[in-house]
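A.B. asks: sharing a model prediction with you, sequence too.
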Amino acid sequence: MTMLRSSALALAFVALTATAAQSQAKDYGKALTLKVKTPISAIIKDPHAFHGKRVQVEGTIVEVCEERGCWIKIASDKPFESIRFKVEDGVITFPLDAKGKLATVEGVVAVNMLTKEQAIEQAKEMHKERGTMAKFDPSKYTGPVMDVQINGDGARVK
């Protein structure tokens with residue numbers, strides 16, 4: 001009876017330890033300072049209202065730069081929306097296993113109008129970073145494109 005109880009306690013301890021390890025957050029870059037989170041959907045709906053403003057957003061990481069770990073895409077609070085959180089190369093490096101984890105990030109919203117040529121170059125670079133150059137089709141870009149991202153300096157991933 002005592003042996004059974006000891007085994008049950010040991011299994012419970014292992015399960016609790018594993019759960020605690022999974023829920024621990026990892027901080028990247030500067031500390032988060034804002035107290036209010038901005039919904040990603042609000043930024044996407046009216047990006048010009050947020051241009052140049054510091055925001056904190058939260059969401060699931062749906063993509064990580066495979067080449068340098070210099071950006072992550074974070075899912076919006078609305079389906080089929082996401083925003084790119086770009087950090088300075090080499091300052092913060094997100095690991096590929098961050099995909100699927102919850103991120104709280106801070107930075108400044110940047111809205112840029114890209115010419116057709118700039119949009120093609122940006123898309124080409126993104127495909128290169130993803131390792132999907134075979135799928136790159138420059139003919140899909142027919143005009144100027146609005147690029148919205150958060151230029152980041154701090155993140156917490158859990």
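C.D. replies: Arrived safely, thanks for sending.

A.B. asks: any idea of the pLDDT on the nearest residue to Gly52 once chain neighbours are set aside?
C.D. replies: Excluding the flanking residues, the one nearest Gly52 by Cβ to Cβ, 6 or more residues apart in numbering is Val108, at 6.4 Å. (Glycine included, C-beta is placed from N, CA and C.) In this model, Val108 is scored at 98, pLDDT.

A.B. asks: ok, the one 3 residues further on next?
C.D. replies: According to the prediction, Val111 has pLDDT 97.

A.B. asks: so how far is Pro47 from it?
C.D. replies: Note on Val111: its distance to Pro47, by Cβ to Cβ, to the nearest Å, is 5 Å.

A.B. asks: what touches both of the two?
C.D. replies: Listed contacts common to Val111 and Pro47 are Met146, Val148; contacts here mean Cβ atoms under 8 Å, 6 or more residues apart in numbering.

A.B. asks: of these two, who's got more company?
C.D. replies: Using other Cβ atoms under 10 Å as the criterion, Val111 and Pro47 rank with Pro47 on top: 18 against 15.

A.B. asks: distance of the more buried one from Lys124?
C.D. replies: Counting by Cβ to Cβ - Pro47 and Lys124 are separated by 23 Å.

A.B. asks: can you give me the strands for this protein?
C.D. replies: 26-29, 54-64, 71-75, 82-86, 102-114, 145-157 (DSSP state E).

A.B. asks: of all those, which one comes closest to Val36?
C.D. replies: Among these, strand 54-64 comes nearest to Val36, with 7.0 Å by Cβ to Cβ.

A.B. asks: identify the residues contacting Ile92.
C.D. replies: Tyr28, Gly29, Gly69, Cys70, Gly152, Asp153, Ala155.

A.B. asks: buried subset of those residues, written for ChimeraX?
C.D. replies: Here is the ChimeraX selection string for the buried members of the contacts of Ile92, based on 16 or more other Cβ atoms under 10 Å:
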select :28,29,69,70,152,153,155
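
A.B. asks: poorly predicted segments of this structure, please.
C.D. replies: Scanning the chain for pLDDT under 70 picks out 1-23.

A.B. asks: if we go to 50?
C.D. replies: Flagging of the chain using pLDDT under 50 yields the residue ranges 1-21.

A.B. asks: burial count for Arg156?
C.D. replies: Residues contacting Arg156 under the criterion other Cβ under 10 Å number 18.

A.B. asks: dig out what it forms beta bridges with.
C.D. replies: Taking DSSP bridges as the rule, Arg156 bridges to Asp27, Thr104.
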